[in-house]
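K.L.:
Next one to model:
(one chain, ligands or ions: 1)
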Amino acid sequence: MNDTSETPKLSWWRRLSNGLKRTSSSLGTAVADLVTKRKLDRAMLDDIEDVLLRADLGTQVAVRIADAVGAGRYDKAISADEVKDVVATEVEKVLVPVAKPLEIDAAKKPFVILVVGVNGSGKTTTIGKLSQKFASEGRKVMLAAGDTFRAAAIEQLKVWGERTKTPVIAGAQGSDSASLAFNALTAAKEQSIDVLLIDTAGRLQNKAELMNELEKVVRVIRKVDATAPHAVLLVLDATVGQNALSQVEAFHRTAGVTGLVMTKLDGTARGGILVALAEKFKLPVHFIGVGEGVDDLAPFTARDFARAIAGIES
Ligand SMILES: Nc1nc2c(ncn2[C@@H]2O[C@H](COP(=O)(O)OP(=O)(O)OP(=O)(O)O)[C@@H](O)[C@H]2O)c(=O)[nH]1
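P.N.:
Just a heads-up that it's a prediction; the model follows:
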């Protein structure tokens, strides 16, 4: 898939900027169209604000960027590259405080990671990718197929388990996911596992019954280890746009989200939603997914993301 002569950093940059191409090119094209024909005035700044809003960056950030573009530039010609530079600088400022790696505390054995999110957001795929990453760091990993709703999710996790040579604790479809999580954590303790990744069934944030079930999973895990889960990762699908805001609110209230993973940034022109989330919730963003392959999940870095979204080359 990648040119092996490239350094890993460069190949990841290429994957990131390719992944964000739909967002950056619609933003870049719109900006280029706006700035070529006239000198900067209030109307142009309003248009730039609209372009940023369409990329889902959120009102506050869009206004701030438009103000920064305008500062000292009224009645002068401005290039698209200048605007992109301002976008990148301002977006990076919002993202720096949230770009935090997921720290695995080796004193917690196992370090329990609960993975939550709405249906189809990419939880199971993300768990597979993380399992590969942790195993490659020499950690003993175990997976718990807590998405007992969907037979396909259990199978999908087993495939990832085989691929990454990771044990998978699974029950029958329809079995109680809280008791499965309990059994998995007990087994992980017995087997001196370093990281236990628990999958959960996708649930809509406004379905009280399913959200209560998630609370139960957390309560039951704590019977085995009062300090667990040590991380609660909310997996968000970037293509849902503004709906991600209410997902974060509801899952944070129910399960105490400690960090975000945003997937499918390759499939949307609205990748700016990550910036709006960072501005509003200030929750750590650990990883982003820009494809279905095992290498398409990477630690989140503010500068790279900001430059990629602004459409700046390398
Ligand atoms: N393009 C793209 N597709 C992704 C990414 N992450 C996951 N997917 C795809 O999204 C689909 C749903 O992913 P799953 O991992 O099954 O989602 P889930 O959250 O476990 O789904 P439920 O079990 O229904 O809740 C699959 O086809 C994945 O291959 C990504 O970063 N980019």
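K.L.:
List of residues touching stretch 211-224?
P.N.:
With C-beta atoms under 8 Å, 6 or more residues apart in numbering as the test, stretch 211-224 has contacts from 112, 114, 116, 146, 177-179, 181-182, 185-186, 189, 198, 200, 203, 205, 228-229, 232, 250, 254-256. C-betas here are computed from N, CA, C, even on glycine.
K.L.:
Look up the residues forming beta bridges with the residue most central in space within the chain.
P.N.:
In the chain, the centroid-proximal residue (C-alpha atoms, centre = their mean) is Met262; its distance is 1.8 Å. Residues in a beta bridge with Met262, per DSSP bridges, are Leu236, Ile288.
K.L.:
thinking again about what came up before, filter the contacts of stretch 211-224 down to the buried ones and express that as a PyMOL selection.
P.N.:
Buried subset of the contacts of stretch 211-224, written as a PyMOL selection, criterion 16 or more other C-beta atoms under 10 Å:
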select buried, resi 112+114+116+146+177+178+181+182+185+198+200+203+205+228+229+232+250+254+255
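K.L.:
just to revisit the earlier point, would you check how far apart the residue nearest to the centre of the chain and Arg64 are?
P.N.:
21 Å (C-beta to C-beta, to the nearest Å).
K.L.:
just Gly28 next, same as before
P.N.:
On the measure of C-beta to C-beta, Gly28 and Arg64 end up 19 Å apart.
K.L.:
I'd like to know how many residues surround the closest residue to Arg307 other than its chain neighbours.
P.N.:
Sequence neighbours aside, Ala88 is the residue nearest to Arg307 in space, at 4.9 Å (criterion: C-beta to C-beta, 6 or more residues apart in numbering). Ala88: 20 surrounding residues under other C-beta atoms under 10 Å.
K.L.:
same thing with Ala80?
P.N.:
Count around Ala80 with other C-beta under 10 Å applied: 17.
K.L.:
In what element of secondary structure is the nearest residue to it once chain neighbours are set aside found?
P.N.:
Leaving aside its sequence neighbours, Ala80 sits nearest to Ala32 (C-beta to C-beta, 6+ apart; 4.1 Å). Secondary structure from DSSP states H and E places Ala32 in helix 21-36.
K.L.:
Please confirm that Arg222 is located within a helix.
P.N.:
Yes. According to DSSP: H, G, I helix; E, B strand; the rest coil, Arg222 belongs to a helix.
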